[in-house]
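A.B. asks: need a 3D model of the following:
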Amino acid sequence: MGFYIGMDIGGTKCSVTLAEGENASIIGKTAFATLPERGHEAIISQLVSSAQNLIEQNGIDKSSLISCGVSCGGPLDPVKGVILGPPNLPGWSCVPLADILSEKLGIPCLVRNDADACALAEWKFGAGKGCENMIFLTFGTGMGAGLILGGRLYSGSSGTAGEVGHVRLEGNGPVGYGKAGSFEGFCSGGGIEKLAEMMLSEYEGETALKSSALTAKDVAEAARKGDALALRIYRVCGDRLGKGLAVLIDILNPEKIIIGSVYARACDLLCESMRASLEREALGINLSACEILPAGLGESIGDYAALGVAALFERKES
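C.D. replies: Numbering: from 1, shown residues only. Presented below is the predicted three-dimensional model:
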């Protein structure tokens with residue numbers, strides 16, 4: 001059946017996963033702190049040694065390894081497999097990661113940004129399995145999309161399709177992706193924090209929310225305890241989420257939109273206002289054809305994201 005290696009590279013943590021077969025049955029995993037100040041050469045060396053250790057520990061014949069997939073924050077060039085200086089990985093400027101890993105591991109290596117990688121994971125192993133047209137939204141620290149269109153990952157002409165967080169939903173609002181009132185400004189962990197600060201500064205009622213070090217999790221916890229302002233913040237976020245989803249639904253007409261991170265954890269606080277906004281904004285025929293779901297892989301999506309990229313090699317070659 002063959003084995004895949006997945007590498008998830010983040011600014012805080014890196015993980016390496018070894019999996020068997022087309023269903024990516026995980027048989028081994030290791031993780032370590034990224035410590036970006038070490039530089040890319042030290043981190044890549046540790047990724048390679050971690051993969052080699054997993055191979056040896058599990059008695060895998062290297063001839064049965066199929067490919068290595070990497071999930072990493074952008075910007076990057078998915079065609080050449082080059083990392084182009086992600087903000088959370090200082091010093092990773094024009095690093096030919098795919099070539100380096102292929103040479104050291106002796107197998108093909110594919111690299112995709114984290115939104116595309118998560119879309120592949122949900123499509124191959126999660127809530128989007130069997131879809132021809134699917135959108136995955138990160139809804140984490142930021143807002144990005146991975147697009148599966150016509151049964152294939154769609155990356156666009158420059159490899160940067162899916163930057164939906166940059167779309168402006170309102171003339172004013174919290175800043176996300178360098179733009180006030182953007183989709184990311186309203187619908188991301190950082191966006192909810194900024195939205196909460198804005199709404200708190202104008203609120204005159206009683207609230208448990210405090211302006212210092214306010215997080216999306218803090219707001220969600222207060223909302224579940226009945227805090228009126230916290231509930232209102234999530235209603236506003238849900239309303240703008242519905243507005244952004246309506247644009248995607250009317251343009252791309254997907255079967256499913258799968259949303260990770262904050263949405264998966266706070267669906268109960270977002271769904272009512274999101275659905276009301278969708279009913280106002282989207283074409284009925286398109287909305288009725290689309291199911292909106294939290295990520296099926298839950299907190300394991302990072303492990304499967306890189307494996308989804310690795311499995312893309314066979315799809316690409318077939």
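
A.B. asks: mean confidence for stretch 17-31?
C.D. replies: Taken as a whole, stretch 17-31 carries a mean pLDDT of 91.

A.B. asks: what's the spacing between it and its chain's center?
C.D. replies: Taking the mean of its C-alpha atoms, stretch 17-31 sits 20 Å from the chain's own mean (C-alpha atoms, centre = their mean, to the nearest Å).

A.B. asks: quick check: end-to-end length of it?
C.D. replies: With C-alpha to C-alpha, to the nearest Å as the measure, the ends of stretch 17-31 fall 9 Å from one another.

A.B. asks: give me the contacts around that stretch.
C.D. replies: Outside of stretch 17-31, the residues that reach it under the criterion C-beta atoms under 8 Å, 6 or more residues apart in numbering are 1-8, 13-16, 50-51, 53-55, 57-58, 60, 124-125, 303-304, 306-308, 310-311, 314. Bear in mind the C-beta positions are built from the backbone N, C-alpha and C, glycine included.

A.B. asks: tell me the phi and psi of residue 6?
C.D. replies: For residue 6, the backbone dihedrals (degrees, to the nearest 10) come out as phi -120, psi 140.

A.B. asks: and for residue 34, the neighbour number?
C.D. replies: Counted by other C-beta atoms under 10 Å, the residues lying close to residue 34 total 17.

A.B. asks: if we ignore the residues flanking it in sequence, what's nearest it?
C.D. replies: residue 14 (5.2 Å; C-beta to C-beta, 6 or more residues apart in numbering).

A.B. asks: how about residue 50?
C.D. replies: The spatially closest residue to residue 50, leaving aside those adjacent along the chain, is residue 16, at 4.2 Å (C-beta to C-beta, 6+ apart).

A.B. asks: ok, the helix or strand that contains the one you found: who's next to it in the sheet?
C.D. replies: Residue 16 is part of strand 13-20, with elements assigned from DSSP states H and E. Its sheet considered, strand 13-20 pairs with strand 3-9 (antiparallel), strand 25-33 (antiparallel) by DSSP bridges.

A.B. asks: just those strands: most buried one?
C.D. replies: Greatest average neighbour count among the strands paired with strand 13-20 goes to strand 3-9 (a mean of 27), per mean count of other C-beta atoms under 10 Å.

A.B. asks: and that one, what's its mean pLDDT?
C.D. replies: Averaged across strand 3-9, pLDDT comes to 94.

A.B. asks: what about that strand, distance to the chain center?
C.D. replies: With C-alpha atoms, centre = their mean as the basis, the distance from the averaged C-alpha position of strand 3-9 to the chain average is 16 Å.

A.B. asks: does residue 242 touch residue 273 like I think?
C.D. replies: Yes - shown here, residue 242 and residue 273 form a contact pair, counting by C-beta atoms under 8 Å, at 6.9 Å.

A.B. asks: of those two, which one has the most company?
C.D. replies: With other C-beta under 10 Å as the criterion, residue 242 and residue 273 differ in neighbour count, and residue 242 comes out ahead with 25 against 20.

A.B. asks: would you mind measuring from that one to residue 78?
C.D. replies: Distance check for residue 242 against residue 78: by C-beta to C-beta, to the nearest Å, it reads 30 Å.

A.B. asks: what residues of stretch 287-295 count as buried?
C.D. replies: Of the residues in stretch 287-295, those scored as buried under the neighbour-count criterion (16 or more other C-beta atoms under 10 Å) are 287, 290, 292-295.

A.B. asks: please disregard the earlier target; I meant stretch 112-128.
C.D. replies: With burial defined by 16+ other C-beta under 10 Å, the residues of stretch 112-128 counted as buried are 112-128.

A.B. asks: how far does it sit from its chain's centre?
C.D. replies: Averaged C-alpha coordinates place stretch 112-128 at 8 Å from its chain's average position (C-alpha atoms, centre = their mean).

A.B. asks: how about stretch 302-310?
C.D. replies: A distance of 11 Å separates the C-alpha centroid of stretch 302-310 from that of its chain, computed with C-alpha atoms, centre = their mean.

A.B. asks: using PDB, write down the CA coordinates of that stretch.
C.D. replies: Backbone C-alpha positions of stretch 302-310 (Å, rounded to 0.1, in the frame of the first residue of the first chain) are rendered in PDB as follows:
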ATOM      1  CA  GLY A 302      -3.000  19.600  11.300                       C
ATOM      2  CA  ASP A 303      -1.700  16.000  11.300                       C
ATOM      3  CA  TYR A 304      -3.800  15.100   8.300                       C
ATOM      4  CA  ALA A 305      -3.200  18.400   6.400                       C
ATOM      5  CA  ALA A 306       0.400  17.500   5.400                       C
ATOM      6  CA  LEU A 307      -0.700  13.900   4.700                       C
ATOM      7  CA  GLY A 308      -3.300  15.200   2.300                       C
ATOM      8  CA  VAL A 309      -0.600  17.100   0.500                       C
ATOM      9  CA  ALA A 310       1.500  13.900   0.300                       C
END
